[in-house]
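Visitor: Sequence isn't available, so here's the structure alone:
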């Protein structure tokens with residue numbers, strides 16, 4: 001997987017701290033913050049802040065008290081605008097928007113948040129929550145809805161041309177076959193480290209801020225994602241405490257330890273070769289996992305503060321976790337994840353093909369389907385256009401897993417032809433390093449298994 005160079009990381013961090021340098025220039029699109037737009041404060045009627053039987057504004061369902069007080073998530077010019085400034089300060093380039101279905105309260109606020117995010121160069125991915133009646137098919141419909149309704153916004157986050165969708169509590173549903181319908185347009189992440197539960201998904205994340213302290217199964221999940229072209233996006237958090245929001249709960253508390261907990265979780269994520277790091281959370285106040293500034297002088301002693309974090313105190317401590325996120329985001333960096341297949345769903349053409357075996361089969365994410373050129377008519381070409389924003393430096397060519405061993409003679413981008421051995425013992429795949437470029441042209445001049453060019457998948461990666 002891609003690892004950012006130490007020099008680049010240092011320059012990124014320096015740019016983020018120089019006076020007069022816009023934070024947007026240093027935003028990391030590989031750092032994603034879970035963002036909650038479910039709060040309300042309109043005409044004295046509070047939404048979510050009263051969780052656990054509390055009576056805002058002085059008494060709220062959280063163990064920390066917001067620097068903004070119990071704000072309204074629809075206050076786009078006030079609270080939301082300030083959120084985007086703080087997210088810029090954190091160095092994170094993407095928020096993951098908590099979304100509860102078509103027509104929900106959160107859906108009604110999405111356009112306003114996207115507008116604010118766009119003004120600050122921040123991307124918006126989607127956290128698909130477990131609303132009543134959610135199914136695999138409804139999730140596919142939701143992805144289509146979100147892409148159609150909000151996809152024109154410059155803030156709609158895409159990686160390699162595909163939107164990003166995190167599915168919370170994905171294990172509630174056992175059959176996700178329907179996701180195959182959106183593989184070419186969406187990267188859909190399952191919330192799990194169980195590699196047997198991610199068929200049809202495009203990646204994995206964990207969400208749990210408590211588990212991030214010990215990172216159970218992270219290395220195995222990362223290795224699986226790397227081997228299968230999936231995105232690995234482990235979740236890190238600064239701590240966890242939901243005592244005031246859920247009175248009488250039995251959930252463990254994870255102390256912040258003056259920032260040491262957050263640092264440990266980030267180190268776990270980076271050592272697991274994360275493609276993206278998802279931060280739990282920017283503003284889930286009920287669970288005390290926030291990096292959004294908490295008031296250093298709350299209304300009462302019932303609330304904790306960030307005092308002591310990274311050696312800060314008083315007002316300086318309020319933004320301590322934003323600043324530390326900027327540090328870690330710089331270590332992670334901003335280039336696209338190396339495990340994203342840039343060719344999937346892209347435009348592809350061929351000089352010829354047999355009926356039922358079109359060139360589109362090579363970019364559909366299905367290893368069992370394949371393209372076959374016109375028989376007995378070499379040379380034959382297959383060309384994939386990765387699009388103007390993508391270039392590939394690593395190419396993986398595959399044949400169906402059940403096929404036997406064969407050698408095909410292929411020239412890549414008009415280079416010298418070479419014989420490439422596709423062997424079931426090595427997964428019937430061939431990996432090539434190529435000069436970074438947008439177009440992939442494969443010219444076939446021989447095949448020991450059949451008198452035609454054949455491929456099941458063309459996968460392209462940044463490195």
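Guide: That came in fine, so what should we check first? The structure presented is a predicted model; accordingly, all values stated were derived computationally and were not measured. Numbering: from 1, shown residues only.
Visitor: what's the offset of stretch 112-124 from the middle of its chain?
Guide: Taking CA atoms, centre = their mean, to the nearest Å, one finds stretch 112-124 lying 17 Å from the centre of the chain it belongs to.
Visitor: any idea of the mean pLDDT in it?
Guide: Summarised as a single mean, pLDDT over stretch 112-124 is 98.
Visitor: Any chance you could list what contacts it?
Guide: Under the contact criterion CB atoms under 8 Å, 6 or more residues apart in numbering, stretch 112-124 has outside partners 24, 27, 29, 35, 37, 73-74, 76, 80-81, 83-85, 87-88, 92-95, 97, 110, 150, 153-158. C-beta here means a position set from N, CA and C on the backbone, and glycine is covered the same way.
Visitor: Buried ones among those?
Guide: Under a neighbour-count criterion of 16 or more other CB atoms under 10 Å, the subset of the contacts of stretch 112-124 counted as buried comprises 27, 29, 35, 37, 73-74, 76, 80, 83-84, 87-88, 92-95, 97, 110, 150, 153, 155-158.
Visitor: Restricted to strands, list those residues.
Guide: Residues from the buried ones among the contacts of stretch 112-124 lying in strands, with DSSP state E as the criterion: 29, 35, 92-95, 97, 158.
Visitor: Put together CSV for the residues you listed, with distance to residue 240 and pLDDT on each row.
Guide: What follows is those, written out as CSV (distance: CB to CB, whole Å; pLDDT from 0 to 100):
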residue, distance to residue 240, pLDDT
29, 26, 94
35, 17, 98
92, 20, 97
93, 25, 97
94, 22, 98
95, 20, 98
97, 21, 98
158, 31, 95
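Visitor: Any chance of those residues in TSV with distance to residue 200 as columns?
Guide: Shown next, in TSV, are those (distance: CB to CB, whole Å):
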residue	distance to residue 200
29	25
35	26
92	28
93	27
94	23
95	25
97	23
158	20
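Visitor: Closest one of these to residue 385?
Guide: Taking CB to CB as the measure, residue 385 sits nearest to residue 158 out of these, at 16.4 Å.
Visitor: residues touching the closest one, list them.
Guide: For residue 158, the contacting residues are 123, 164, by CB under 8 Å, 6+ apart.
Visitor: Distance of it relative to residue 125?
Guide: For residue 158, the distance to residue 125 under the criterion CB to CB, to the nearest Å works out to 9 Å.
Visitor: anything in contact with each of these two?
Guide: Shared contacts of residue 158 and residue 125, counting by CB under 8 Å, 6+ apart, come down to residue 164.
Visitor: rewinding a little: which two among the ones in strands among the buried ones among the contacts of stretch 112-124 are spaced furthest apart?
Guide: Taking every pair in those and measuring CB to CB, the maximum separation is 17.5 Å, between 35 and 158.
Visitor: Neighbours of residue 200, how many?
Guide: Each residue near residue 200 was counted by other CB atoms under 10 Å, and the total is 17.
Visitor: Could you verify my assumption that it touches residue 177?
Guide: Yes. With contact taken as CB atoms under 8 Å, residue 200 and residue 177 are classed as touching, separated by 5.8 Å.
Visitor: Tell me where the model's unsure across the stretch 201-350 of the chain.
Guide: By pLDDT under 70, the low-scoring segments of the stretch 201-350 of the chain are 334-339.
Visitor: What are the boundaries of the helices in the protein?
Guide: Assigned by DSSP state H, the chain shows helices spanning 6-17, 81-90, 105-119, 136-150, 218-228, 260-271, 320-332.
Visitor: And the last one, how far out from the chain middle?
Guide: Shown here is helix 320-332, whose average C-alpha point lies 17 Å from the average C-alpha point of the whole chain (CA atoms, centre = their mean).
Visitor: Equivalent analysis for the fifth one, please.
Guide: Relative to the chain's own centre, helix 218-228 is displaced by 15 Å; criterion: CA atoms, centre = their mean.
Visitor: Mind listing what's buried along that helix?
Guide: 218, 221-222, 224-225.
Visitor: can those residues go into TSV with extra columns for distance to residue 426?
Guide: As requested, these are exported to TSV (distance: CB to CB, whole Å):
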residue	distance to residue 426
218	26
221	23
222	21
224	17
225	19
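Visitor: any weak-confidence spans in the stretch 351-463 of the chain?
Guide: 388-390.
Visitor: which ones are touching the residue of the chain most remote from its centre?
Guide: Within the chain, residue 376 marks the point farthest from the mean C-alpha position, 44.5 Å out by CA atoms, centre = their mean. If a contact means CB under 8 Å, 6+ apart, then residue 376 has 451-452 as its contacts.
Visitor: I'd like the distance between it and residue 370.
Guide: Residue 376 sits 18 Å away from residue 370, going by CB to CB.
Visitor: Kindly report the same for residue 55.
Guide: Counting by CB to CB, the separation of residue 55 from residue 370 is 64 Å.
Visitor: cool, and residue 392?
Guide: Using CB to CB, we find residue 392 at a distance of 20 Å from residue 370.
Visitor: Give me the more crowded residue out of those two.
Guide: Set side by side, residue 392 and residue 370 give different neighbour counts by other CB under 10 Å, the larger being at residue 392 (25 against 20).
Visitor: quick one: the more buried one and residue 341 touch, right?
Guide: No. Using CB under 8 Å, residue 392 is not in contact with residue 341; the gap is 9.5 Å.
Visitor: list the residues that contact both of those two?
Guide: Here residue 392 and residue 341 have 460-461 as joint contacts, going by CB under 8 Å, 6+ apart.
Visitor: what's the burial count for the closest residue to residue 449 other than its chain neighbours?
Guide: Leaving aside its sequence neighbours, residue 449 sits nearest to residue 406 (CB to CB, 6 or more residues apart in numbering; 3.2 Å). Neighbour count of residue 406, defined by other CB under 10 Å: 17.
Visitor: now swap in the one 4 residues further on and tell me
Guide: Counted with other CB under 10 Å, the neighbours of residue 410 add up to 23.
Visitor: who are the neighbours in contact with it?
Guide: If a contact means CB under 8 Å, 6+ apart, then residue 410 has 397, 417-418, 420, 442-445, 453 as its contacts.
Visitor: Highest neighbour count among those?
Guide: Ranked by the number of neighbours (other CB under 10 Å), the contacts of residue 410 place residue 453 first, at 29 neighbours.
Visitor: how close does the residue lying closest to it once chain neighbours are set aside sit to residue 49?
Guide: Leaving aside its chain neighbours, residue 453 sits nearest to residue 444 (3.1 Å; criterion: CB to CB, 6+ apart). Taking CB to CB as the measure, residue 444 falls 63 Å from residue 49.
Visitor: what's the answer for residue 91, then?
Guide: In this structure, residue 91 and residue 49 are 28 Å apart, going by CB to CB.
Visitor: Pick out whichever of these two has more residues nearby.
Guide: Neighbours around residue 91 and residue 49, counted as other CB under 10 Å, are more numerous at residue 91. The numbers are 28 against 25.
Visitor: who's in contact with the more buried one?
Guide: Taking CB under 8 Å, 6+ apart, we find residue 91 in contact with 16, 23, 26-28, 31, 325-327, 329-330.
Visitor: export these to a markdown table and tack on distance to residue 245?
Guide: Below are the contacts of residue 91 laid out as a markdown table (distance: CB to CB, whole Å):
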| residue | distance to residue 245 |
| --- | --- |
| 16 | 33 |
| 23 | 31 |
| 26 | 34 |
| 27 | 31 |
| 28 | 30 |
| 31 | 26 |
| 325 | 23 |
| 326 | 28 |
| 327 | 29 |
| 329 | 28 |
| 330 | 32 |
